[in-house]
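J.: here is my input; please provide its structure:
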Amino acid sequence: MNERITFQKNSVVVDAVGNHRNVWEDYFSCFTYASTFQAAENTGEVTTEERSVTFCCRYCSELACVSSTGYRVLFHGEIYNIRSVDMMNYQREELKFQAVREVR
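T.: Numbers count the residues shown, from 1 in each chain. As a prediction, this is how the structure comes out:
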């Protein structure tokens with residue numbers, strides 16, 4: 001495990017006026033093994049590249065509650081949306097996250 005990643009959590013913040021906004025806050029940072037990028041093309045009106053990465057992290061209580069709906073990953077300055085979380089047969093040794101780069 002030689003790369004550092006940061007998990008961010010989506011939360012709602014209320015400002016002074018009372019408006020509710022969704023913001024991404026840093027949740028947890030750890031070391032990971034990142035597999036090579038897998039690139040695919042999505043065809044439609046515009047052809048776009050989709051790059052996905054698989055992150056393998058050691059099991060810990062902070063990562064056990066990470067889901068694909070309320071969390072995302074920062075890796076090498078880019079944002080990755082978590083597509084799926086693999087608990088590796090619930091052995092509590094490592095977790096595998098499949099993520100896709102967010103196009104900005």
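J.: Arg101 touches His76, doesn't it?
T.: No: the criterion here is C-beta atoms under 8 Å, and Arg101 misses it with His76 at 10.2 Å. C-beta here means a position set from N, CA and C on the backbone, and glycine is covered the same way.
J.: more crowded one of those two?
T.: Using other C-beta atoms under 10 Å as the criterion, Arg101 and His76 rank with Arg101 on top: 18 against 10.
J.: what's near enough to touch the more buried one?
T.: Contact partners of Arg101, counting by C-beta atoms under 8 Å, 6 or more residues apart in numbering, are Glu50, Arg51, Ser52, Val53, Glu78, Ile79, Tyr80, Asn81.
J.: spatially nearest residue to it (excluding sequence neighbours)?
T.: Arg51 (4.5 Å; C-beta to C-beta, 6 or more residues apart in numbering).
J.: buried ones in the worst-scoring helix or strand of the chain on mean pLDDT?
T.: The least trusted helix or strand in the chain, going by mean pLDDT, DSSP states H and E, turns out to be strand 38-42, with a mean of 71. Within strand 38-42, no residue is scored as buried using 16 or more other C-beta atoms under 10 Å.
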